[in-house]
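> Generate coordinates for the sequence data below:
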Amino acid sequence: MADVIIIGDGPGGLSAALFLAKKKLEVLVIGQDKTLMHKAKLLNYLGIPEMTGTQFQQVARAQVQGFGARFVDAEATLAEKKGAGFAVTTADGQTFEGRYLILATGPVMPLAESLGLAKTSNGVAADPFGRTAVDKLYALGWGVRGKKIQAVISAGDGAAAALDILSAEKGEDLHDFDLV
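The predicted model follows:
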């Protein structure tokens with residue numbers, strides 16, 4: 001069983017995966033690298049003067065894998081609450097279980113309804129840390145913000161959700177700050 005399953009491998013999902021894997025949680029990312037980032041050109045992402053979305057995805061995925069996160073190249077077709085965690089089934093019939101679940105699937109969150117998540121005029125209802133009304137279920141990025149979104153905002157949402165999970169696991173608020 002994974003500590004955290006992340007459905008979606010764009011900036012939000014990859015950012016959450018990076019923070020969580022860096023702190024040694026077992027992270028499973030389910031996605032097919034079909035994010036809309038592949039159509040983007042980054043000119044407004046702090047610290048990156050210019051980069052294509054495809055280049056960003058390649059660098060980010062390698063960084064996340066370098067910290068130990070696992071990737072499953074598949075479409076998640078079913079997600080359900082199961083005991084104290086979640087079960088996610090992919091189109092090819094594989095099932096994965098995790099203690100936490102993060103939905104980071106872009107503008108459409110097809111699994112949100114089956115998980116009983118409320119919606120707002122902007123998308124799935126979640127607080128600033130991505131917490132939903134379902135314990136240990138997070139939703140972030142484009143699917144909770146409507147049209148007020150950028151790649152860097154999604155990445156920040158992923159970081160916020162990851163820090164919330166890490167704080168819950170530690171039993172106290174924490175941040176992730178590395179020194180030179």
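
> what does the longest helix along the chain rub up against?
Criterion DSSP state H: the longest helix present in the chain is helix 151-170. Under the criterion C-beta atoms under 8 Å, 6 or more residues apart in numbering, residues 3-4, 10-20, 23, 25, 37, 40, 42, 44-46, 53, 56, 100, 102, 104, 128-131, 138, 140-142, 144-145, 173-176 lie in contact with helix 151-170. The C-beta positions use only the backbone N, C-alpha and C, and glycine is treated the same way.

> Filter the residues you listed down to just the ones in strands.
Among the contacts of helix 151-170, the residues falling in strands (DSSP state E) are D3, V4, L42, Y100, I102, Y138.

> tell me the contacts of the third one?
L42 sits next to I48, E50, M51, T52, G53, F56, A151 when contact means C-beta under 8 Å, 6+ apart.

> any idea what sits nearest it, other than its immediate chain neighbours?
In this structure, L42 finds its nearest non-sequential neighbour in M51, 4.6 Å apart by C-beta to C-beta, 6 or more residues apart in numbering.

> what about dumping the CA coordinates of the longest helix of the chain to CSV?
The C-alpha coordinates for helix 151-170 follow below in CSV (Å, rounded to 0.1, in the frame of the first residue of the first chain):
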residue,chain,number,x,y,z
ALA,A,151,1.3,26.1,-14.0
VAL,A,152,3.1,27.8,-11.1
ILE,A,153,-0.2,28.0,-9.1
SER,A,154,-0.9,24.3,-9.7
ALA,A,155,2.6,23.5,-8.5
GLY,A,156,2.0,25.7,-5.4
ASP,A,157,-1.3,23.8,-4.8
GLY,A,158,0.6,20.5,-4.9
ALA,A,159,3.2,21.8,-2.5
ALA,A,160,0.5,23.0,-0.1
ALA,A,161,-1.3,19.7,-0.2
ALA,A,162,2.0,17.8,0.4
LEU,A,163,3.0,19.9,3.3
ASP,A,164,-0.5,19.4,4.8
ILE,A,165,-0.1,15.6,4.5
LEU,A,166,3.5,15.7,5.9
SER,A,167,2.3,17.8,8.8
ALA,A,168,-0.5,15.4,9.5
GLU,A,169,1.9,12.5,9.4
LYS,A,170,4.3,14.2,11.8
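
> mind checking how far that helix is from the chain centre?
How far helix 151-170 lies from its chain's middle: 9 Å, per C-alpha atoms, centre = their mean, to the nearest Å.
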